[in-house]
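In: need a 3D model of the following:
(2 chains)
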2 protein chains.
Amino acid sequence: MSFSMSKASLTALEIGLNALSAILDKAEAFAAAKKIDPSVLLNTRLAPDMFALVRQVQVTTDLAKNGGARLAGVEPPRYEDKETTIPELKDRLARTVAFLKTLDAKAIDAASDRLITFPLGPVNKGEMKGDDYLNHFVLPNVYFHLTAAYAILRHCGLDIGKQDFLGAIPIKLM
Amino acid sequence: MSFSMSKASLTALEIGLNALSAILDKAEAFAAAKKIDPSVLLNTRLAPDMFALVRQVQVTTDLAKNGGARLAGVEPPRYEDKETTIPELKDRLARTVAFLKTLDAKAIDAASDRLITFPLGPVNKGEMKGDDYLNHFVLPNVYFHLTAAYAILRHCGLDIGKQDFLGAIPIKLM
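Out: The predicted structure follows:
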């Protein structure tokens, strides 16, 4: 199967979200072993005006569900932002993966030249061509927040590496 | 123009590298204004066993040049890792953008089903289909190190935001 918008979006997003879920499992085990309240990890941030871990995970899922939905031409589900525990965040990640699986790959593949309008904060909007929206907005933003979540946990001492970040990618090791 | 491997790689990589170069300009000005030796910023890391800023920038350029070259089927240039200043890192970023501009977009577009073998550390190798290599190795890794560089500077107090990270993306604000 050749290069396509649906693979570049759905497959990559699912791998990234599942990788983050597995990292959160390690964070939960780390907190238990170190007798740290997991909420300490969830409220850690790399700078006072950057998002804490809990918000990094929420925003990652928002970008994935909104990005996938807009490329497919359907309305994204709305999530309440009320998670306070790792299991709740893992449930949000799982719901997002399940939602992505409902999207029509053919509709996404046909979206490269379609103009997509999306909110930028509470007031402004952005408009991009479908392929630009995927290449230059959805993917960089999702990887930004996946990396921020990873880096917060590394900063807290969690023993994870690049393979945890990349997740279950289709690679043959030689 | 529809969705293509060359746009998803070359255009995205160039925007990301140029964005990092502009962030380094802000870091240089920040260091001057605060009377901080820029090498303090370049040697900052988010965890003791994560790369410092200077290495994050080097690895970003390595992933971009190696990724682009392997997709195009040419040998990537080798860089010595001897940068110690922001201007030297900006030169490395500019050389990488210039190299990406030499690559044959048609060769990259034809690489989706070609098997690509690449080193993973000093001993091991990985093998992936061209489109998988772009979607699940080059892009996530490049954005990982771009984000790490950004986050190190945010952690140091540099006043930058998401637009600095995304760079000159083709978006119409409404």
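In: for the residue nearest the centre of chain A, which non-adjacent residue is closest in space?
Out: Centroid check for chain A by CA atoms, centre = their mean gives A:Thr60 as the closest residue, at 3.2 Å. In space, and not counting its chain neighbours, A:Thr60 is closest to A:His145: 4.2 Å by CB to CB, 6 or more residues apart in numbering or on different chains. (Glycine included, C-beta is placed from N, CA and C.)
In: what is the burial count for that neighbour?
Out: A count of nearby residues for A:His145, using other CB atoms under 10 Å in any protein chain shown, gives 23.
In: helix, strand, or coil at the residue nearest to the centre of chain A?
Out: Assigned with DSSP: H, G, I helix; E, B strand; the rest coil, A:Thr60 falls in the helix class.
In: does it touch A:Ser21 like I think?
Out: No: using CB atoms under 8 Å, A:Thr60 is not in contact with A:Ser21, being 10.6 Å away.
In: where in chain A is pLDDT low?
Out: Judged by pLDDT under 70, chain A has its weakly predicted residues at A:1.
In: show me what the lengthiest helix in chain A is packed up against.
Out: Ordering each helix of chain A by length in residues (DSSP state H) puts helix A:12-34 first. In terms of contacts (3 or more CB pairs under 8 Å, 6 or more residues apart in numbering or on different chains; DSSP states H and E), helix A:12-34 is packed against helix A:38-42, helix A:53-72, helix A:86-102, helix A:139-155, helix A:162-166, helix B:139-155.
In: B:Asp25 is nearest to which of those?
Out: Proximity to B:Asp25 (CB to CB) singles out helix B:139-155 among those, at 11.4 Å.
In: now the angle from the longest helix of chain A to helix A:86-102?
Out: Angle, helix A:12-34 to helix A:86-102, by axes from the mean of the first three to the mean of the last three CA atoms, to 10 degrees: 170 degrees.
In: quick one: A:Lys125 is in a strand?
Out: Yes: assignment of A:Lys125 by three-state DSSP places it within a strand.
In: check contacts around the closest residue to it other than its chain neighbours.
Out: Nearest residue to A:Lys125, sequence neighbours excluded (CB to CB, 6+ apart): B:Met174, at 4.3 Å. Taking CB atoms under 8 Å, 6 or more residues apart in numbering or on different chains, we find B:Met174 in contact with A:Thr117, A:Asn124, A:Lys125, A:Gly126, A:Glu127.
In: now which of those would you call buried?
Out: Neighbour counting by 16 or more other CB atoms under 10 Å in any protein chain shown classes A:Gly126, A:Glu127 among those as buried.
In: looking at the contacts of B:Met174, which is nearest B:Gly68?
Out: Nearest member of these to B:Gly68, counting by CB to CB, is A:Gly126, at 27.2 Å.
In: helix/strand/coil for A:Phe137?
Out: Recorded secondary structure, A:Phe137: helix (three-state DSSP).
In: for it, which non-adjacent residue is spatially closest?
Out: Using CB to CB, 6+ apart and skipping the chain neighbours, the partner closest in space to A:Phe137 is A:Met128 (6.1 Å).
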